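Novice: just the structure for this:
(chains A, B, C and D)
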2 protein chains.
Amino acid sequence: MPDHLAPHRGAAAPTVQDVAAAAGVSPMTVSRVLNGGPNVRPQKIQAVLDAAAALGYRRNENARSIRPGQRTGLLGVIITNVANPYYAQVQLGVEEIVSSDGMRLLVGNSGEDVHRERALVNDFIGRKVDGLIVVPAGGDVAHLRAATAVGIPLALASRQVDGVDADVVLVDDEGGARDGTAHLLAEGHRRIAFLGNRSSVFTSRRRQQGFERAHAEAGVAFDPILLRAGQNDDATAHDVTLELLALDEPPTAIFSANNRNTVGALRALSERRDLAESLRIVAFDDFELSSLVPFALSVIEHDPRELGRTAARMVMARLHSTVDSVAQTIELPTHFRP
Amino acid sequence: MPDHLAPHRGAAAPTVQDVAAAAGVSPMTVSRVLNGGPNVRPQKIQAVLDAAAALGYRRNENARSIRPGQRTGLLGVIITNVANPYYAQVQLGVEEIVSSDGMRLLVGNSGEDVHRERALVNDFIGRKVDGLIVVPAGGDVAHLRAATAVGIPLALASRQVDGVDADVVLVDDEGGARDGTAHLLAEGHRRIAFLGNRSSVFTSRRRQQGFERAHAEAGVAFDPILLRAGQNDDATAHDVTLELLALDEPPTAIFSANNRNTVGALRALSERRDLAESLRIVAFDDFELSSLVPFALSVIEHDPRELGRTAARMVMARLHSTVDSVAQTIELPTHFRP
DNA sequence: TTGTACGCGTTATCAG
DNA sequence: CTGATAACGCGTACAA
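Specialist: Residues are numbered from 1 along each chain as shown, chains lettered A, B, ... in the order given. Below is the predicted model:
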């Protein structure tokens, strides 16, 4: 039995036993009351409730979860870069969907590092998450297979990887990039620079394909020197942009494949307004205040929050249904905003 | 014992028992090996390791954590608005510090709602988090007291609330706001609008105080009609700014107390360049690409990531030390960037 | 309507 | 060096 009614710092948390003792019933009755079980006399219900409140009882979720057939109510979310506002939106979308079911988010930041991703996945499996949403860093996927192998519903967001049985929600990377690039070509631009992440990154690869397809469809050859894929932070993108501006034949337009590259590019342009005055920019990923940027900027917008919502819905659907249907892939639309 | 070596979808996860059986030892030996316990014969170590690998064994962290004296390695983080890039940075700072200790983040979004905050705190207590970092929504604090009462180290970030025994890390809101406002006054502005959240929000109150103090120190009275505290999203801030611009005697400068208000204000200004051409702006909170904004904007910058790091360090310090020292408050500096 | 007994997976204790 | 035993807090058959 507890030393005090209001437990002081470091006091052992009250258990069902304590509540039972205080209410003068058995632990079983306490459990029944607290979990809405049937067939309990109103008097005892009240007694239990009073005792629980007085002791400040809170169910130990971890103890509960080790019983067979019990869920943890935990959803693992692994993101490549929490600092990127884009993924912050994804996280919000996920939370929005699952919190209404009382689920909680276990969030990890992989930093584009597969090793960290694997450590996180393994840890989350050990914590018995009910589901998993991952923006895969790519490369090895054994740990993702392991998650599905133990029956954890897995949804991949933003990026696809092969060899994993998981639902996937993507953005129409190639289509969006194609449209954006096509706009530039239609405006008459013939030297369009491409800024993107290394092409081993799923989205970058697809966006680059869209960029190239638009050129092919227009019958325009692009200068390989203008193709810069390898920047995953804005500092590097900034430097690369300055290089491009300094070329003998600089680009007349820039296609930026993601918001990190866009930020870096815009910083560079604002430093060299002399060279950048007439430069046209099309950027994948909208960002806050993009409309205020003092350059000829168009964006390919899409909805990161909806991406998160969709991934969450996919996981929840598998959680709520007993039959395991075949994995599905959803591709969210993009929209070119001039 | 498991049906297959590689567990298939839905198969029960292997336990120490399974590993022990496969390795021909007792569960205790398995536990010892896996936790680096002493006094185990090398042969058996190898046997256990092999069996564990073959079965894909992963320790059940929840079962482990119900043993007395064991920690969960979980840190609860409750933020008022995950979508705000500012708090995304805070979250990253926290993760940065604690992940090196192998701790994981349980993240909740309160949405400035004390009820949701309480639900999250109670849930986190039930999940036996080792520590808690909260950006308090304000109002009731009983649930926060409850957390400290059961011995969970608590750090408040960004905002202070009374009646809770917790470490606090703040930004020098008043000083920063005073400096920024003083700059405007020194430039000769006499009609400065204030945009902020409702004054029940800790930071807004303090920033407003700084705003007023600067006026008092300069011996300048401000027009109450220019004081607009109540916007916590950019849409409202946008509308309020339009109202201000439409006044008979519009402000010549705007002091924006947080990034949501700044975004809304800038949107409004860009719609009414005719009225906003010469308007001067000082904004609390730096934001990405702020230097590109085509207005006379200065920012009061500070470091949200460091805020997160500091809060995390405070919690970790209490976690690692046995003596419980008195709660401390740290105030991080701001920097006016013209 | 209520209580008893047991097991979930793990580890600490203690005996061998 | 190793293993049997017990206990953490909870929920569920089953019995009363």
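Novice: measure A:P27 to DNA strand D for me?
Specialist: Distance of A:P27 to DNA strand D, computed by Cβ to the nearest atom of the strand, to the nearest Å: 6 Å. Where C-beta positions appear, they are placed from N, C-alpha and C, glycine not excepted.
Novice: need the contact list for that residue.
Specialist: By Cβ atoms under 8 Å, 6 or more residues apart in numbering or on different chains, the contact set of A:P27 is A:V16, A:Q17, A:V19, A:A20.
Novice: looks like the last one contacts A:R32 (just checking).
Specialist: Think A:A20. No. With contact defined as Cβ atoms under 8 Å, A:A20 does not reach A:R32; the gap is 10.9 Å.
Novice: which residues sit in contact with A:I152?
Specialist: Contacts of A:I152 were listed using Cβ under 8 Å, 6+ apart, and they are A:I125, A:V129, A:D130, A:G131, A:L132.
Novice: which of the three states applies to it?
Specialist: coil (DSSP: H, G, I helix; E, B strand; the rest coil).
Novice: now the contacts of A:P27 in TSV, with secondary structure?
Specialist: What follows is the contacts of A:P27, written out as TSV (three-state DSSP):
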residue	secondary structure
A:V16	helix
A:Q17	helix
A:V19	helix
A:A20	helix
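Novice: which of those residues sits closest to DNA strand D?
Specialist: Nearest to DNA strand D, judged by Cβ to the nearest atom of the strand, of the contacts of A:P27 is A:V16 at 3.7 Å.
Novice: what's the burial count for that closest one?
Specialist: 20 (other Cβ atoms under 10 Å in any protein chain shown).
Novice: isn't it right next to A:V33, touching?
Specialist: No. Using Cβ under 8 Å, A:V16 is not in contact with A:V33; the gap is 10.1 Å.
Novice: coming back round to it: what about burial for the contacts of A:P27, which qualify?
Specialist: Buried members of the contacts of A:P27, counted by 16 or more other Cβ atoms under 10 Å in any protein chain shown: A:V16, A:V19, A:A20.
Novice: got a list of what the residue in the stretch 201-338 of chain A that DNA strand C sits nearest to touches?
Specialist: Proximity of the stretch 201-338 of chain A to DNA strand C (Cβ to the nearest atom of the strand) peaks at A:L319, 19.7 Å away. The neighbours of A:L319, taking Cβ under 8 Å, 6+ apart as the test, are A:D130, A:G131, A:P153.
Novice: quick one, phi psi at it?
Specialist: Taking degrees, to the nearest 10, you get phi -70, psi -30 for the backbone angles of A:L319.
Novice: correct me, but A:Q89 touches A:E306?
Specialist: No. At 9.1 Å, A:Q89 does not count as touching A:E306 under the criterion of Cβ under 8 Å.
Novice: who has more neighbours, these two?
Specialist: A:Q89 (20 against 16).
Novice: that one - nearest residue in space that isn't next to it in sequence?
Specialist: Nearest residue to A:Q89, sequence neighbours excluded (Cβ to Cβ, 6 or more residues apart in numbering or on different chains): A:P304, at 3.8 Å.
Novice: what is the neighbour count of the one you found?
Specialist: 26.
Novice: ditto for the one 4 residues further on
Specialist: Look at A:G308: counted by other Cβ under 10 Å, it has 29 neighbours.
Novice: and the pLDDT at it?
Specialist: pLDDT recorded at A:G308 is 98.
Novice: next: A:A11.
Specialist: Predicted confidence (pLDDT) for A:A11: 64.
Novice: ok, the one 4 residues further on next?
Specialist: pLDDT recorded at A:T15 is 91.
Novice: please apply the same query to A:V77.
Specialist: 98.
Novice: check for me that it belongs to a strand.
Specialist: Yes. According to three-state DSSP, A:V77 belongs to a strand.
Novice: kindly report the domain assignment for chain A.
Specialist: Per automatic domain parsing, the structural domains of chain A span A:1-57, A:73-169+A:306-337, A:173-301.
Novice: what would those domains look like in CSV with distance to B:R272?
Specialist: Below are the domains of chain A laid out as CSV (distance: least, Cβ to Cβ, whole Å):
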stretch, distance to B:R272
domain A:1-57, 55
domain A:73-169+A:306-337, 21
domain A:173-301, 13
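Novice: A:V171 is in contact with A:L307, correct?
Specialist: Yes. Taking contacts as Cβ under 8 Å, A:L307 lies within contact range of A:V171: 6.8 Å.
Novice: shared neighbours of these two, anything?
Specialist: Joint contacts of A:L307 and A:V171 (Cβ under 8 Å, 6+ apart) are A:S158, A:L332.
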